[in-house]
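Asker: no sequence for this one, just the structure:
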C-alpha cells in the first residue's frame, strides 16, 4: 500500500478539514483515540479498512451513505469523515464533486487506492475495476441510486414493522463486466449480490432512474439470458469418461453453486425518480417488452377431460421488480417485489419461486384427483346396500348377474346384486305362499255364480286372483272378463222366493249366495235375474 501523502481535502457542506496537529496524549479518564502524525484525524485502522472496502464496492459514495452502511448506530457521520480525511492524506481516497443535495462524494484514488481496497476485500487488482474519477462532478446520480439500493438491502426497511437487512456491503460487487459469447459485447449489471445464507447464491441488480426508454431497459434481459446460456467445461473427475459435449455446465453454476430453482440466476429491477403511477406503468411496460425472456415454456397436459399444464423455466430469466422507495421502506425481505408473470407483491424469497410451475400443477392435479375421489366416494356411499351394508369399490356402479347374462345397476337406497337376488327370491317365495293361501281360501268360499268354478279363477291362469276374494265377489276373473266383453251389466242375483223365505224361517238355507241374494233384493227391488 502506498504511503504517499497529499493535502487534506475539504469536507461536506459546512465541515472544514481539521488542521494537522502534533500528537496529543489522551487525558486520564477520557475514552478517545490518540491523534498521530500518520492519521491526525484520529480514525482507527478498523474504520479506515471498512471505508476502503466499502468504496472498493461502491466506487463512489457520500460520508452519510458510508456511515449508514458501516456504522448505522452512530449519531453522525463524524467518524466516517475523519477516516476519509486520514485516507485522503495517504492518497488512497479523493473527492471531486458533490451530489445534487451538496453532499461531498468520495472515491478511491489511483492504483494505490484500488490495491488497498483490494487487500481489504481479498480481490486482485484486476477485479477492482476503476476509481470512478470525475463521477462526482456531475453529481453521480446513478451511483447514488445504486448505493441507496445496496443500503436498503443491507439495512432493511425503515418502516416500524419492516424486516431487517441481509448481509453486508462486502457481499456486493459493482461495475462487474461479463463478456458475451463472441467477445465483443458485454453485460454490466449495476450490482451483483450474493446471499447464499438465505437461498440466493447470486442476484443481478439493475437500477433504473427512469432516464431510459422502457424498450432500452427491456433489451438488457435478452443479453442476460444469452450470458446465462453460456456453458464451460466441467472438470468433475466423475465425468472424465463422458463425451466432451456431455462434460459442459453453465458457467454460473460453477461460479455461484447452490442454485435449487429451475431457470437462470434472477435479475432484480429497481426503478426510481418518478411518481408511483409512472413507476408502476414503467415496470409493466418493461415486463411486456421482455416477456420472452421470463415467461418460460408452456407444457400442456390433457388428462381426464382436464386441459391444464405448467411452465418450464429451464431457459427463463426470473425477473423481479420494485421501486427504490418501497425497497427502502420495507427492505428486501418485505412484500415489495413484483415477479414478472405473477400477480401481487411478495418478499424476495417468495418472488423468486417460479409461478405456475410443475409443482403448482401437481398440487392442482392432486386437488382435482382428491375432489374426484371425494365425489366418487360420496356416490359409492350413496349406493351402499340397504341389506348387507356393502359399499362398492369399483369405478363402475354396475355388476353382472348370473354368468354375465344380466346387467345389474345399483341405485341409491338399493341393494347389491347378491342381496337383490336374495330379495327377489324371497319375494317370489312369499308370492307363491300368498298364492297358495289365496287358492285355499278361495276354494273354501262359494263358487263362481256363472261357471261354478273356483271364485279365484283357474289355477295358473293370468287372471287368477293372488289374494282372497272379497265377500261380495260373485264371479271368477274369467267370467267377469267375459261379461265385460259381451257388454253385459253387473250381475244381479235373483231375489229369494216366498218358499225360500218361509224355509229360511225354519232353518238356515244351504245356498252360499243366500245373504247376497237378500242384499240384492233390497238394493234392486224391481230387478230380476
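Answerer: Perfect, I can see it now. The model shown is predicted, which means the values in this text are computed figures rather than measured ones. Numbering: from 1, shown residues only.
Asker: where in the chain is pLDDT low?
Answerer: Low-confidence segments of the chain (pLDDT under 70): 1-36, 236, 238-240, 244-246, 304, 393-408, 527-529.
Asker: quick one, helices of the stretch 101-250 of the chain?
Answerer: With DSSP state H, counting those that start in this stretch as the criterion, the stretch 101-250 of the chain has helices at 110-121, 141-155, 214-218, 220-228.
Asker: Is residue 230 in contact with residue 253, as I believe?
Answerer: No: if you go by Cβ atoms under 8 Å, residue 230 and residue 253 don't touch, sitting 11.0 Å apart. For glycine as for every other residue, the C-beta is placed from the backbone atoms N, C-alpha and C.
Asker: For stretch 194-203, buried residues please.
Answerer: Neighbour counts using 16 or more other Cβ atoms under 10 Å place 194-195, 200-203 of stretch 194-203 among the buried residues.
Asker: what's next to that stretch, contact-wise?
Answerer: 166-167, 171-172, 192-193, 252, 255-260, 265-268, 333, 348-349, 352 (Cβ atoms under 8 Å, 6 or more residues apart in numbering).
Asker: Give the burial count for residue 516, as a bare number.
Answerer: Residue 516 has 19 neighbouring residues, counting by other Cβ atoms under 10 Å.
Asker: correction: residue 50
Answerer: 21.
Asker: distance of it from residue 173?
Answerer: Remark: distance between residue 50 and residue 173 (Cβ to Cβ, to the nearest Å) = 17 Å.
Asker: repeat for residue 454
Answerer: Taking Cβ to Cβ, one finds residue 454 at 113 Å from residue 173.
Asker: Show me the longest strand that occurs in the chain.
Answerer: strand 200-208 (DSSP state E).
Asker: Parallel or antiparallel, list what pairs with that one.
Answerer: strand 191-195 (antiparallel), strand 267-271 (parallel) (DSSP bridges).
Asker: Mean neighbour count, these: which tops it?
Answerer: Mean neighbour count (mean count of other Cβ atoms under 10 Å) peaks for strand 267-271 among these, with a mean of 26.
Asker: how many degrees apart are it and helix 141-155 in direction?
Answerer: Strand 267-271 runs at 120 degrees relative to helix 141-155, counting by axes from the mean of the first three to the mean of the last three Cα atoms, to 10 degrees.
Asker: Next, count neighbours for the closest residue to residue 503 other than its chain neighbours.
Answerer: Sequence neighbours aside, residue 509 is the residue nearest to residue 503 in space, at 6.7 Å (criterion: Cβ to Cβ, 6 or more residues apart in numbering). Neighbour count for residue 509, taken as other Cβ under 10 Å: 15.
Asker: doesn't residue 315 make contact with residue 225?
Answerer: Yes: counting by Cβ under 8 Å, residue 315 is a contact partner of residue 225 at 7.4 Å.
Asker: Quick one: neighbours of residue 419, just the number.
Answerer: 16.
Asker: What of the one 3 residues further on?
Answerer: By other Cβ under 10 Å, the residues close to residue 422 number 14.
Asker: That one - that's part of a helix, no?
Answerer: Yes: the assignment for residue 422 by DSSP: H, G, I helix; E, B strand; the rest coil puts it in a helix.
Asker: OK, contacts around it?
Answerer: Applying Cβ under 8 Å, 6+ apart, the residues near residue 422 are residue 387.
Asker: which residues touch the residue nearest the centre of the chain?
Answerer: Most central in the chain under Cα atoms, centre = their mean is residue 360, positioned 5.5 Å from the mean C-alpha point. Neighbouring residues of residue 360 by Cβ under 8 Å, 6+ apart: residue 310.
Asker: ok, it to residue 366 distance?
Answerer: In this view, residue 360 and residue 366 are 11 Å apart by Cβ to Cβ.
Asker: what's residue 191 in contact with, if anything?
Answerer: In this structure, residue 191 makes contact with 146, 149-150, 172-174, 204-205, 207, judged by Cβ under 8 Å, 6+ apart.
Asker: Same check on residue 153?
Answerer: When contacts are counted by Cβ under 8 Å, 6+ apart, residue 153 touches 165-167, 172, 193, 327, 331-332.
Asker: Please identify which of residue 230 and residue 253 sits among more neighbours.
Answerer: Comparing residue 230 with residue 253 by other Cβ under 10 Å, the one with more neighbours is residue 253, at 17 against 14.
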